[in-house]
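Asker: Sequence first, predicted model second:
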Amino acid sequence: MGPMSIEQQIRELEEEIKRTPYNKATEHHIGRLKAKLARLREEAEKQKAKAARQAFSLKKEGDATAVLIGYPSVGKSTLLNKLTGAKSEVADYDFTTLKPVPGILNYKGASIQIIDVPGIIEGAASGRGRGKEVISAVRVADLIIIVADVFNLHTIDIVKRELYEGGIRLDQKPPDVVIRKKERGGVRISSTVPLSIDEATITSVLKEYKIHSADVVIREDITIERLIDALAGNRVYIPSLTVVNKIDLMDVDVADAIKVSAEKGINLDLLKEQIYRKLEFIRVYLKPPGGKVDFSEPMILRRGATVEDICRKLHRDFVENFRYAKVWGKSVKFDGQRVGLEHVVEDGDIITIYA
């Protein structure tokens, strides 16, 4: 089957999903169609990925990386310059500019890398205007900042949709679904909450993903889309902020967005604070073996960080030669507890690493 026939199948499935009314009787049919569609899209992606070379990748620096993403000429470069003092060319990008421009925002002791990437437009996820490369590059970001301006509010939803199509889930937690494949015995589903979709639907979605025997444990009232996300395994879950720029030129009413003027410096402090909050930083303190804790120099990590992340930040040799760590603080049952690399630390912990 050539790429054309995959594209055709995709179009036919999209049409059929549009035509089919959604109700209890058609639910598992629709589930199967959606799963099939998701799988075909992944197939098409893989074929294209072989053809396309990765134009750029983001090099992560600092304690966290935030990416400015939006249509061209909504003022991302100016915003980057104002937040970080980076020297980004303030001109309308044309699509040949593929070098992301990074700057560093130092705020409350955290060094936050902010990267301005080339503008994306409608159709980006399917390859318009180099959008595919931009979207696949930003998958590594810790925070996505969607930038629109007062004259282009409609672009917010378009950008969100393109990111969604590119497998990026904003402000969602990964689906709480565990799938253990078995040799035989069919699909066994157990759930800890009442489910809105029925077992036949779940089973038919699994079948599309070639899973015929498995134990499935579901701990959230899952939608067909989230179930497919759990199976696809190539989704990333990233927090986001929405920023509306050029508020000095016109006032607009937008829910859940931070209104700023990069040009006039309006609300930039608010934006910095929100970026900092969204990144959920924690501070831990290092105590050398037999030495004293250095409280003046906390290590800044993000919530959910492990002892391994601490070792990596210090030097990669620490991971190779790691024996154990001792921790004092909220993450352990008792002070001085011995832990391994996978131990998750909490804000204010004190850690000694033995290598």
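Answerer: Looks like it arrived, so ask away.
Asker: Every contact and neighbour count from this point should use C-alpha atoms.
Answerer: Fine.
Asker: Who does the residue nearest to K259 when sequence neighbours are not counted form a beta bridge with?
Answerer: Closest residue to K259 apart from its sequence neighbours, by CA to CA, 6 or more residues apart in numbering: V244 at 4.8 Å. V244 has these beta-bridge partners by DSSP bridges: A148, K259.
Asker: Could you check how far V244 is from V134?
Answerer: As judged by CA to CA, to the nearest Å, V244 and V134 stand 21 Å apart.
Asker: Settle it for me: which of those two has more neighbours?
Answerer: Applying other CA atoms under 10 Å to V244 and V134 shows that V134 carries more neighbours, namely 27 against 24.
Asker: Tell me the gap between the helix or strand hosting the more buried one and the middle of its chain.
Answerer: Using DSSP states H and E, V134 sits within helix 131-138. Computed by CA atoms, centre = their mean, to the nearest Å, the chain-centroid distance of helix 131-138 equals 12 Å.
Asker: where does the residue nearest to K259 sit relative to G31, distance-wise?
Answerer: Distance, V244 to G31, using CA to CA: 36 Å.
Asker: pretty sure the residue nearest to K259 is touching D256, no?
Answerer: No: the criterion here is CA atoms under 8 Å, and V244 misses it with D256 at 10.1 Å.
Asker: For V67, what is the enclosing helix or strand?
Answerer: Using DSSP H and E, V67 maps to strand 64-69.
Asker: low-scoring stretches of this protein, by residue?
Answerer: Applying pLDDT under 70 to the chain flags the ranges 1-4, 49-56, 88-99, 129.
Asker: can you tell me which helix in it is longest?
Answerer: Longest helix in the chain, counting residues (DSSP state H): helix 27-51.
Asker: Pop the domain breakdown of this structure in here.
Answerer: 3-51+175-232, 64-172+236-278, 281-354 (automatic domain parsing).
Asker: Enumerate every residue touching L231.
Answerer: L206, Y209 (CA atoms under 8 Å, 6 or more residues apart in numbering).
Asker: how about a cut-off of 10 Å?
Answerer: Residues near L231 by CA atoms under 10 Å, 6 or more residues apart in numbering: A35, R39, P175, V177, V178, I179, V205, L206, Y209, I211, E225.
Asker: What's the PyMOL line that selects buried ones from the residues you listed?
Answerer: Provided next is the PyMOL selection string for whichever of the contacts of L231 are buried by 16 or more other CA atoms under 10 Å:
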select buried, resi 35+39+175+177+179+205+206+209+211
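Asker: Helices - which of the contacts of L231 land there?
Answerer: A35, R39, V205, L206, E225.
Asker: Looking at those, spot the one nearest S77.
Answerer: For the ones in helices among the contacts of L231, the residue nearest S77 by CA to CA is E225; the value is 34.8 Å.
Asker: and the gap between the closest residue to the closest one other than its chain neighbours and E27?
Answerer: With CA to CA, 6+ apart as the criterion, E225 has its nearest non-adjacent residue at 7.8 Å, and that residue is K34. For K34, the distance to E27 equals 10 Å [CA to CA].
Asker: Mind listing the shared neighbours of these two?
Answerer: Both K34 and E27 are contacted by I224, under the criterion CA under 10 Å, 6+ apart.
Asker: Now do the phi/psi pair for A124.
Answerer: Dihedral pair for A124: phi -60, psi -40, per degrees, to the nearest 10.
Asker: For the stretch 101-250 of the chain, just list every one of the helices.
Answerer: 131-138, 155-165, 199-208, 224-232 (DSSP state H, counting those that start in this stretch).
Asker: Point me to the residue sitting farthest from the middle of this structure.
Answerer: Distance from the centre of the chain peaks at G290, with 39.9 Å (CA atoms, centre = their mean).
Asker: so R323 makes contact with T352?
Answerer: No: judged on CA atoms under 10 Å, R323 makes no contact with T352 at a distance of 11.1 Å.
Asker: Quick check, central residue of this protein?
Answerer: In the chain, the centroid-proximal residue (CA atoms, centre = their mean) is I238; its distance is 2.6 Å.
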